[in-house]
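> Build me a structure from this.
(one chain, ligands or ions: 1)
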Amino acid sequence: MSLISHSAEWAALTQHQQSLAQTSMRELFAANPLRFEQFSLQLDGLLFDFSKHRITSETKDLLLSLARQAGLPEWMQALKQGEKVNRSEGRAALHHALRFRPDSGLPLTGDGIHAKILAVRQQMQQFVQAIRCGERLGYDGQAITDLVHIGIGGSDLGPRLAAEALRPFLTGGPRLHFVANLDGGELARTLAGLNPATTLFAVVSKTFTTLETATNAQSARNWLLQSSSAANVSQHFVAITTNRQAAEQFGVAPENIFAFWEWVGGRYSVWSAVGLSLACGLGWEGFEAFLEGAAAMDAHYFNTPLDQNLPVLMALLSIWYISFWGAESHALVPYDDRLARFPAYLQQMDMESNGKRVSTEGVALDHASGAIIWGEVGSNSQHAFFQLLHQSQRLVPIDFIVSARPSHSLPDHHPQLVANCLAQSEALMWGKTEAEVRAELRANGLPEEEIERLTPHKVCPGNQPSSTLLFSELSPYTLGMLMALYEHKICSQAAIWGINPFDQWGVEFGKQLAKKIVPELISPHAATEHDASTNGLIAAYRRYVELSGTSQQ
Ligand SMILES: O=P(O)(O)OC[C@H]1O[C@H](O)[C@H](O)[C@@H](O)[C@@H]1O
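Have a look, this model is predicted:
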């Protein structure tokens, strides 16, 4: 199969981009008073405004033709039906099945996948209730007050984001803590305030072989053993993994192991038992609402024509900028303190999924796939990197995310926050011309000489594209929708580019090298087998450790 970049649809878009390159969004808005109506969609209390983009109806049509030529509708069907869309690993990608509703009328798949999902959901529900009612006790008979979720990457980012985003809904359960980093500082800081007799650890790892998680889990176990005996370990550890055997070897009791499956990619796994800690914090009803929000997005994605399909339109907009305008990055700016970790979550989701160099057939791509995902919560980001967005020559598409209802009852804050969000997208799109700058300076009474000097510095070119996602309230349901929206968006991009969003072979390489370097850091012999820089850094590290007299163990 040839690359999509060799298709007539791709060539038509290349040409269309050239014809649009000299037109500003200001002009597009002036020419079409119905732009907002034409380029916005509403779904279940979620408004997606994509009118502030460098697009016309023709752009939309051409992008939709590209999606059809790339076989996106067929790929969506294959995904839905559990075909092995993860070709390099020979697996299906059935994360959407994890949020299916038993009463949805969907046929249960013949291979029993839905039955397996329901069985684990039931095990989770019982566990959540036992924890929340104080039935599940620690080794000295006290109820569990703190739950430490140990996992990294996909086994951390989704649940951590959701727990932070839904903080106002975390009532009646244990306090949640998340530990991911190999730097022991994170675990040490977390354990410092905890009582081993009332602390439960959830070790979350698809493979149960990940270095960070294994190291943190072992240290947590040692911490527990300082005040109890090995017989108590099984009472204080649960595991969420596809590798039951390794979890049992660690000391987790079989009934405390929650399964998930190889057809759930780590970064798509928050809907599985990987979300157990979140479910303990939210309560079962809250967790179900989270799944239902995602299921609503699935239903929209799988059943809506491409031209009204929110994840598909978002995917096409990203492809438009990355593949046809040369954009290298995409910024996420949630104007919501609860979504501060959204950029970090999407960094893995997007960059691990779409940062690929070959097609699913192994053919080298002749265009970039995936963008550098970055961002920071608003309004903080206005005082950090917005200068670059307003006046540098870089094209950076932005997603603004904002909730109509705040999480607090403090007066005055929220209208100002929302106003800032809307003002930034307006200013970035509209810009400020030389004539407008001059007129403004003149109105302020500045002398002509001063106006001349300042004008070039104050011009904002504008034409910076952005989407705005506005919803009424950040509830478990809305968050489920939002997270599933981005999952489908990112996978649709991959399907159109013809790459596999479900593998991550590149991540392995650095891990292999780290294993080799560990013994070299403590060996008395100089490392000689690396490049000069790495050998030099190993030697310098050893010298520093010797000088400071710290132990390396
Ligand atoms: O869940 P685990 O098996 O511990 O894997 C944790 C993480 O490991 C690697 O970094 C992978 O690239 C990630 O996709 C994965 O989420």
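> Could you list the alpha-carbon positions for stretch 184-200 in PDB?
Listed next in PDB are the C-alpha coordinates belonging to stretch 184-200 (Å, rounded to 0.1, in the frame of the first residue of the first chain):
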ATOM      1  CA  GLY A 184      13.000   8.100  45.200                       C
ATOM      2  CA  GLY A 185      12.200  11.600  46.300                       C
ATOM      3  CA  GLU A 186       8.600  11.300  45.100                       C
ATOM      4  CA  LEU A 187       8.000   8.100  47.100                       C
ATOM      5  CA  ALA A 188       9.900   9.300  50.100                       C
ATOM      6  CA  ARG A 189       7.800  12.600  50.100                       C
ATOM      7  CA  THR A 190       4.600  10.600  49.800                       C
ATOM      8  CA  LEU A 191       5.400   8.100  52.500                       C
ATOM      9  CA  ALA A 192       6.600  10.700  55.000                       C
ATOM     10  CA  GLY A 193       3.100  11.700  56.000                       C
ATOM     11  CA  LEU A 194       1.500   8.200  56.000                       C
ATOM     12  CA  ASN A 195       0.800   5.500  58.500                       C
ATOM     13  CA  PRO A 196       1.700   2.000  57.200                       C
ATOM     14  CA  ALA A 197      -1.200   0.400  59.200                       C
ATOM     15  CA  THR A 198      -3.800   2.400  57.200                       C
ATOM     16  CA  THR A 199      -2.100   2.700  53.800                       C
ATOM     17  CA  LEU A 200      -2.900   0.500  50.800                       C
END
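> what helices or strands is the longest helix along the chain leaning on?
Identified as the longest helix of the chain according to DSSP state H is helix 476-497. Helix 476-497 sits against strand 46-49, helix 57-69, helix 72-80, helix 157-165, helix 284-303, helix 310-319, helix 353-354, strand 466-471, with contacts defined as 3 or more Cβ pairs under 8 Å, 6 or more residues apart in numbering; DSSP states H and E. Glycine gets a C-beta too; all of them are placed from N, C-alpha and C.
> Now do the one helix or strand residue 16 maps to: which elements does it pack against?
Per DSSP states H and E: residue 16 is located in helix 8-20. Under the contact criterion of 3+ Cβ pairs under 8 Å, 6+ apart, helix 8-20 touches helix 57-69.
> angle of the helix it packs on against helix 310-319?
100 degrees (axes from the mean of the first three to the mean of the last three Cα atoms, to 10 degrees).
> gap between helix 57-69 and the chain center?
Relative to its chain's centre, helix 57-69 lies at 26 Å (Cα atoms, centre = their mean, to the nearest Å).
> the inter-axis angle of that helix versus helix 72-80?
With the same axes, to 10 degrees defining the directions, helix 57-69 sits at 50 degrees from helix 72-80.
> buried residues in helix 57-69?
Neighbour-count burial for helix 57-69 flags 59, 60, 62, 63, 64, 65, 66, 67 (criterion: 16 or more other Cβ atoms under 10 Å).
> now the angle between helix 476-497 and that helix, please.
80 degrees.
> tell me the mean pLDDT for helix 57-69?
Mean per-residue pLDDT for helix 57-69: 98.
> tell me what it is packed against?
In terms of contacts (3+ Cβ pairs under 8 Å, 6+ apart), helix 57-69 is packed against helix 8-20, helix 310-319, helix 476-497.
> ok and the shortest one relative to helix 8-20, angle-wise?
Which is helix 310-319. 60 degrees.
> what's the next secondary structure element after helix 310-319?
Going down the chain from helix 310-319, the next helix or strand is strand 329-334, by DSSP H and E.
> List the neighbouring strands of that following strand plus their orientation.
Sheet pairing of strand 329-334 (DSSP bridges) gives strand 372-375 (parallel), strand 398-403 (parallel).
> Am I right that residue 360 is in contact with residue 88?
Yes. Using Cβ atoms under 8 Å, residue 360 is in contact with residue 88, at 7.4 Å.
> what about those two, which has more around it?
residue 360 (19 against 14; other Cβ atoms under 10 Å).
> Enumerate the residues of this protein near the ligand.
Neighbours of the ligand within the chain, by Cβ under 6 Å from any ligand atom: 152-155, 205-207, 210, 213, 266-267, 352, 504, 507.
> List only buried entries from the residues you listed.
Among the residues of the chain next to the ligand, those scoring as buried are 152, 153, 154, 155, 205, 206, 210, 213, 266, 267, 352, 504 (criterion: 16+ other Cβ under 10 Å).
> from the residues you listed, which ones fall inside helices?
Mapping those onto helices (DSSP H) picks out residue 213.
> From the buried ones among the residues of the chain next to the ligand, pick the one nearest residue 41.
The closest of those to residue 41 turns out to be residue 267 (Cβ to Cβ; 25.5 Å).
> That closest one and residue 156 touch, don't they?
No. Using Cβ under 8 Å, residue 267 is not in contact with residue 156, being 10.3 Å away.
> Which of the helices or strands spans the most centrally placed residue in the chain?
The centroid of the chain falls nearest to residue 346 when counting by Cα atoms, centre = their mean (2.4 Å). Using DSSP H and E, residue 346 sits in helix 342-346.
> could I get stretch 224-240 in PDB with only the CA atoms?
Only the C-alpha atoms of stretch 224-240 are listed here, as PDB (Å, rounded to 0.1, in the frame of the first residue of the first chain):
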ATOM      1  CA  LEU A 224       5.600  -1.500  55.300                       C
ATOM      2  CA  LEU A 225       7.900  -4.200  56.600                       C
ATOM      3  CA  GLN A 226       9.500  -1.800  59.000                       C
ATOM      4  CA  SER A 227       6.400  -1.800  61.100                       C
ATOM      5  CA  SER A 228       4.700  -5.200  60.200                       C
ATOM      6  CA  SER A 229       5.600  -8.600  59.000                       C
ATOM      7  CA  ALA A 230       5.800 -10.300  55.600                       C
ATOM      8  CA  ALA A 231       2.400 -12.000  56.300                       C
ATOM      9  CA  ASN A 232       0.800  -8.500  56.200                       C
ATOM     10  CA  VAL A 233       2.100  -7.600  52.700                       C
ATOM     11  CA  SER A 234      -0.900  -9.200  50.900                       C
ATOM     12  CA  GLN A 235      -3.300  -7.100  53.000                       C
ATOM     13  CA  HIS A 236      -1.700  -3.900  51.900                       C
ATOM     14  CA  PHE A 237      -0.900  -4.500  48.200                       C
ATOM     15  CA  VAL A 238      -3.200  -4.900  45.200                       C
ATOM     16  CA  ALA A 239      -1.900  -5.200  41.700                       C
ATOM     17  CA  ILE A 240      -3.400  -4.200  38.400                       C
END
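> Name the residues that touch it?
127, 137-139, 151, 155, 196-197, 199-205, 208, 217, 220-221, 247, 250-253, 256-258, 260, 272-274, 276 (Cβ atoms under 8 Å, 6 or more residues apart in numbering).
> mind listing which of those are in strands?
Among the contacts of stretch 224-240, the ones falling in strands (DSSP state E) are 199, 200, 201, 202, 203, 204, 257, 258.
> before we move on, back to that, output the strands paired with strand 329-334 in a markdown table, with distance to residue 458 and mean neighbour count appended to each entry.
Putting the strands paired with strand 329-334 into a markdown table (distance: least, Cβ to Cβ, whole Å; neighbours: other Cβ atoms under 10 Å) gives the following:
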| stretch | distance to residue 458 | mean neighbour count |
| --- | --- | --- |
| strand 372-375 | 26 | 20 |
| strand 398-403 | 22 | 23 |
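> thinking again about what came up before, closest to residue 116 among the buried residues of helix 57-69?
Nearest to residue 116, judged by Cβ to Cβ, of those is residue 67 at 32.5 Å.
> from what I can see that closest one touches residue 496, true?
Yes. Contact status for residue 67 versus residue 496: in contact at 5.5 Å, counting by Cβ under 8 Å.
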